[in-house]
Each structure stands twice: as C-alpha cells, then as structure tokens.
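J.: next comes the sequence, and after it the predicted model I'd like to discuss.
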Amino acid sequence: MRLTPQAIEIIRQTVRAELGDGAQVRVFGSRTDDTARGGDVDLHVLADVAVDNPVWTAALLSARLQRRLDGRAVDVRLLAPGVQRQPIDDVALNQGVLL
C-alpha cells in the first residue's frame, strides 16, 4: 500500500474526528498497488451512525484530508445507515485495505 504511516494516521484521526471511533476507513484503488505510481487516494468510509448530509460529509472529509496531506487529491465514498449501497461500496469493502 502506497501510504506512509504518517498519512495513515492523519486519515484515521480526521475520519474519527468527524464520524467517531466506530467509523472504519479503507483505502482502495491504485494506492493499494505497490507497483503503481501517482494517483489520488481513494477512501471508503463506513460509518456506524447516521449522517444528516452524507454528500456534504464526504466532501468535507475530502477537503480536510487534502489540506492535511499536502494537497494530495483524496476521494471519499461514505456509506452510513440510510445511505443506499452502491457497487463501488462492494469493491471497496472486498478489495480495500482497512486502515
């Protein structure tokens, strides 16, 4: 996985601050391929609590993480109670690496 221990800790802290200790975060996509280069950071966040505005929350997490990770592009997919599960959720949950 192409994330530094420091980046992993920043991601964990940021997600916990927004969604609590029960949230799980996985990295998926190109960052899980050690032979690849570049690319954004694709994150799947599984919240254990309902979120009033999941699109806004995902965008907020993405922006906060981009700032904390020195401008690296971060895409966030949020799955929470009440949010319809999409095929990308299955990919991330099955192939992603839990941080």
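T.: Nice, I can see it.
J.: how about the strands in the chain?
T.: Taking DSSP state E to define them, one finds strands in the chain at 24-28, 41-46, 74-79, 97-98.
J.: can I get these in CSV with distance to Arg64?
T.: From N, CA and C alone the C-beta is placed, and that goes for glycine too. Shown next, in CSV, are these (distance: least, Cβ to Cβ, whole Å):
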stretch, distance to Arg64
strand 24-28, 13
strand 41-46, 12
strand 74-79, 9
strand 97-98, 20
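J.: can these go into a markdown table with extra columns for distance to Gln6, mean neighbour count and mean pLDDT?
T.: Formatted as a markdown table, these follow (distance: least, Cβ to Cβ, whole Å; neighbours: other Cβ atoms under 10 Å; pLDDT from 0 to 100):
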| stretch | distance to Gln6 | mean neighbour count | mean pLDDT |
| --- | --- | --- | --- |
| strand 24-28 | 14 | 20 | 96 |
| strand 41-46 | 13 | 23 | 97 |
| strand 74-79 | 15 | 21 | 97 |
| strand 97-98 | 16 | 12 | 96 |
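J.: closest one to Val91 among those strands?
T.: For Val91, the closest of the strands of the chain is strand 24-28, at 6.6 Å, according to Cβ to Cβ.
J.: and the contacts of the closest one?
T.: 1, 3, 11-12, 15, 41-46, 91-93, 95-99 (Cβ atoms under 8 Å, 6 or more residues apart in numbering).
J.: also stretch 29-46?
T.: The contact list for stretch 29-46 (Cβ under 8 Å, 6+ apart) reads 1-3, 7, 11, 15, 19, 23-28, 58, 61, 65, 69, 72-80, 88-89, 92-93, 95-97.
J.: just give the nearest non-adjacent residue to the residue most central in space within the chain, would you?
T.: Residue closest to the average C-alpha location in the chain (Cα atoms, centre = their mean): Leu43, at 2.6 Å. Leaving out its chain neighbours, the residue that sits closest to Leu43 by Cβ to Cβ, 6 or more residues apart in numbering is Val76, at 5.0 Å.
J.: for Asp52, which of the strands of the chain is the nearest?
T.: strand 74-79 (11.8 Å).
J.: alright, I will stop here.
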